[in-house]
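> Next come a sequence and a model predicted from it.
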Amino acid sequence: MKLLIDNWRWADVPFYLRTGKRLAARDTEIAIRFKHAPFSLFRKTPIDRLTTNRLVLHIQPDEGISLRFGAKIPGPVLSIGAVDMDFDYEDYFGDTPSTGYERLLYDCMLGDATLFQRADQVEAAWAVVAPIQQIWRELRPNSFPNYQAGSWDRLKLTNC
């Protein structure tokens, strides 16, 4: 699903939501692909095409953050290569984080609602989802672009 937020800060920035059940593995991530700059700093160089920078927040199962960006390869010739920087919680803290439910249940017992959604946030989310559900009930697609159970077809965010 492609969503746009109607305000000045996020104007013309698409948000793509992709989900699936029965995939090859459980994987939850937020992938941010940055736009190309509207101009090239090195106009007279042989660089044909730069890859876009990408920030990926790995939520589950391997919590961490990845950043991919272009950097100049050392030497007299201007050549850009992709650089990957990765942070993994397990590598730095020696343990895998819990699923999060333990924390939520504990906060619930304490009466701490900090990590819980407010009612207006839930209502705003349903205002986006409810019309989609209504259309799906009314109009059955002729050729739904589905995927085969146990595969990543059409869903892997790193391809976007």
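The structure has been received and is ready for your questions. Source: prediction; values computed, not measured.
> for stretch 130-146, what is the average pLDDT?
In this model, stretch 130-146 carries a mean pLDDT of 79.
> Any stretches of the chain with poor pLDDT?
Using pLDDT under 70 as the threshold, the predicted model of the chain has low-confidence ranges 37-50, 96-100, 144-147, 152-160.
> His58: how many residues sit nearby?
Here the count is done by other CB atoms under 10 Å, and His58 has 19 residues near it. For the C-beta atoms, the positions are set from N, CA and C on the backbone; glycine is no exception.
> Spit out the contact partners of it.
With contact taken as CB atoms under 8 Å, 6 or more residues apart in numbering, His58 is in contact with 28-29, 64-66, 88.
> helices and strands around the helix or strand hosting Tyr106, which ones?
In this structure, Tyr106 is located in helix 101-110 according to DSSP states H and E. Taking 3 or more CB pairs under 8 Å, 6 or more residues apart in numbering; DSSP states H and E as contact, there are no helices or strands that helix 101-110 lies on.
> tell me which strands and helices the next helix-or-strand element following that helix is in contact with?
Scanning forward in sequence from helix 101-110 by DSSP H and E, the next helix or strand is helix 119-138. Using 3+ CB pairs under 8 Å, 6+ apart as the contact criterion, no helix or strand is in contact with helix 119-138.
> and which of the contacts of His58 is nearest Glu123?
Proximity to Glu123 was ranked across the contacts of His58 by CB to CB; first place goes to Thr28, at 23.8 Å.
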